[in-house]
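Chemist: Need a 3D model of the sequence below.
(one chain, ligands or ions: 1)
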Amino acid sequence: MQPLLSINNITKQFAHNLPPVVEDLCFKVYPGEIFALLGPSGCGKTTTLRLIAGFERADAGEIRMEGQCFADANVHLPPEVRGIGIVFQEYALFPHLNVLQNVAFGLKKLPTKFRDERVMAVLDMVGMTPFKNRRPHQLSGGQQQRVALARSIAPSPKLILLDEPFSNLDAGMRHSTREEIRVLLKNAGMSAVFVTHDQEEALCFADRLAVMRDGCIEQIGTPETVYHRPKTPFIADFLGMTNLITGEAEGNCAQTSLGKFRIAPFARGKVLLSIRPEHLVMAPPETEAHSNGVGEIVMREFKGHDLTYRVKIGTEDYVVQTEYCCPLQVGARVTLRAVEPAVVVKHNEPHP
Ligand code: ATP
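Modeler: Okay, here's the model as predicted:
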């Protein structure tokens, strides 16, 4: 499939005495795909979005959409001719215009009849028809978010850029708005690039995501791949909780302080392994024939549907997550066993 958007080796530096804010970025977004840029604050996500929109000019690299060059060393198309919809973090609705007028704003070039029809169609799509005469201050955060989305999809762009789209909503509203907007984008067949520092949001909203750090992309993949097969210790740690354990690898196994682990991918020599807390299970010492050292539960966090424990074995602490089936208490003596292969996130020798 041909990509809709191609970002090729984009670099942006705001000042010569400062390091680039984004460096040598490469990624593609395919038609109908929701793509997330995920990373900690200040890693260059918004700058990347602004480069795609045309609000910033790259120092190097190329941006293409459907094969057309939007930006390179000689070209810089202004934002208004790129045909990209943008939803800002703070929605940026016009306070003096009602919902209808806000959504109609980007459709000025259409004849009135077509414009009115299109406005009503997108308001219907986002479920905001009953609120069409209200001004932004008479709407909840989630409703304003939907108006902002309606305004950006009204001109039927092929690509929408969303900057931290759910960060102004409370937890409950964030969850439901996220679901609704994902369905809306999918039904409309629109591609989206969205920016977030919230790993859970990226995992459940995106089809694929790029994890950024210090202006660079460390890994691109589906949520499942990036979560289960992180390529670096940073990604393993940033995408949820993990245990980072050193070991000596011999092919598909590694010797660690917790005993012998299955690992993926194959490796030899010194390795750093990531094992998710839900992939460690605890058992009382006497029932665990192949115990890898006995430890003690030093912390227990009840989270409703699951529990997080911290287990101390020797000088090391391990995080373990279990369902609420047989809750154990602080002070209990346990052994740990891995039920999935640990992931090699760093190794000193190349793969065999
Ligand atoms: P956040 O999640 O906090 O919004 P981000 O990952 O989106 O962060 P950016 O907003 O892209 O990060 O900023 C990346 C870096 O670039 C920051 O250190 C920021 O201070 C710097 N920066 C952004 N815009 C400019 C500018 N116009 N001039 C100088 N530095 C800038």
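
Chemist: Report the contact partners of K346.
Modeler: With contact set as CB atoms under 8 Å, 6 or more residues apart in numbering, K346 has these partners: 232-233, 271-272. Where C-beta positions appear, they are placed from N, C-alpha and C, glycine not excepted.

Chemist: now the strand or helix carrying L244, how far from the chain's geometric center?
Modeler: In the assignment (DSSP states H and E), L244 maps to strand 243-256. Its chain's C-alpha centre and that of strand 243-256 lie 28 Å apart, by CA atoms, centre = their mean, to the nearest Å.

Chemist: With just CA atoms, put the helix or strand just after that strand into PDB.
Modeler: Sequence-wise, the next helix or strand downstream of strand 243-256 (DSSP H and E) is strand 259-275. Extracted in PDB, the C-alpha atoms of strand 259-275 (Å, rounded to 0.1, in the frame of the first residue of the first chain):
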ATOM      1  CA  GLY A 259      17.500 -18.200  37.600                       C
ATOM      2  CA  LYS A 260      17.400 -19.300  34.000                       C
ATOM      3  CA  PHE A 261      15.000 -17.400  31.700                       C
ATOM      4  CA  ARG A 262      13.800 -18.000  28.200                       C
ATOM      5  CA  ILE A 263      14.600 -14.900  26.200                       C
ATOM      6  CA  ALA A 264      13.700 -13.300  22.800                       C
ATOM      7  CA  PRO A 265      15.300 -12.600  20.500                       C
ATOM      8  CA  PHE A 266      18.300 -15.000  20.600                       C
ATOM      9  CA  ALA A 267      21.400 -13.400  22.100                       C
ATOM     10  CA  ARG A 268      24.900 -14.300  23.500                       C
ATOM     11  CA  GLY A 269      26.900 -12.600  26.200                       C
ATOM     12  CA  LYS A 270      25.800  -9.900  28.600                       C
ATOM     13  CA  VAL A 271      22.200  -8.800  28.200                       C
ATOM     14  CA  LEU A 272      19.700  -6.500  29.800                       C
ATOM     15  CA  LEU A 273      16.300  -8.100  29.900                       C
ATOM     16  CA  SER A 274      12.800  -6.700  30.300                       C
ATOM     17  CA  ILE A 275      10.100  -8.700  31.900                       C
END
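
Chemist: Does strand 259-275 pack against any helices or strands, and if so which?
Modeler: Here strand 259-275 touches helix 233-238, strand 243-256, strand 333-338, strand 342-347, going by 3 or more CB pairs under 8 Å, 6 or more residues apart in numbering; DSSP states H and E.

Chemist: Please name whichever of the ones you listed is nearest to the ligand.
Modeler: Closest to the ligand of the helices and strands packed on strand 259-275 is helix 233-238 (CB to the nearest ligand atom; 12.7 Å).

Chemist: In the closest one, which residues are buried?
Modeler: Applying a neighbour-count criterion of 16 or more other CB atoms under 10 Å, one finds 234-236, 238 buried in helix 233-238.

Chemist: before we move on, back to that, export the helices and strands packed on strand 259-275 as JSON lines, with columns for mean pLDDT and distance to A206.
Modeler: As requested, the helices and strands packed on strand 259-275 are exported to JSON lines (pLDDT from 0 to 100; distance: least, CB to CB, whole Å):
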{"stretch": "helix 233-238", "mean pLDDT": "95", "distance to A206": "15"}
{"stretch": "strand 243-256", "mean pLDDT": "93", "distance to A206": "25"}
{"stretch": "strand 333-338", "mean pLDDT": "90", "distance to A206": "28"}
{"stretch": "strand 342-347", "mean pLDDT": "93", "distance to A206": "20"}
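
Chemist: Any chance of a markdown table for the ones you listed, columns distance to R57?
Modeler: Converted to a markdown table, the helices and strands packed on strand 259-275 look like this (distance: least, CB to CB, whole Å):
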| stretch | distance to R57 |
| --- | --- |
| helix 233-238 | 29 |
| strand 243-256 | 40 |
| strand 333-338 | 49 |
| strand 342-347 | 36 |
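
Chemist: I'd like to know which of these lies nearest to P284.
Modeler: Closest of the helices and strands packed on strand 259-275 to P284 is strand 333-338, at 6.4 Å (criterion: CB to CB).

Chemist: helices or strands up against the helix or strand bottoming out on mean pLDDT in the chain?
Modeler: Across the helices and strands of the chain, the lowest-confidence element by mean pLDDT, DSSP states H and E is helix 171-188, at a mean of 83. With contacts taken as 3+ CB pairs under 8 Å, 6+ apart, helix 171-188 sits against strand 34-38, helix 112-125, helix 141-153, helix 199-205.

Chemist: now what about that helix, what contacts it?
Modeler: Residues contacting helix 171-188 (CB under 8 Å, 6+ apart): 32, 34, 125-127, 140-142, 145-146, 149, 153, 160, 165-166, 169, 192, 201, 204-205.

Chemist: filter the residues you listed by proximity to the ligand?
Modeler: Contacts with the ligand are made by none of these, judged by CB under 6 Å from any ligand atom.
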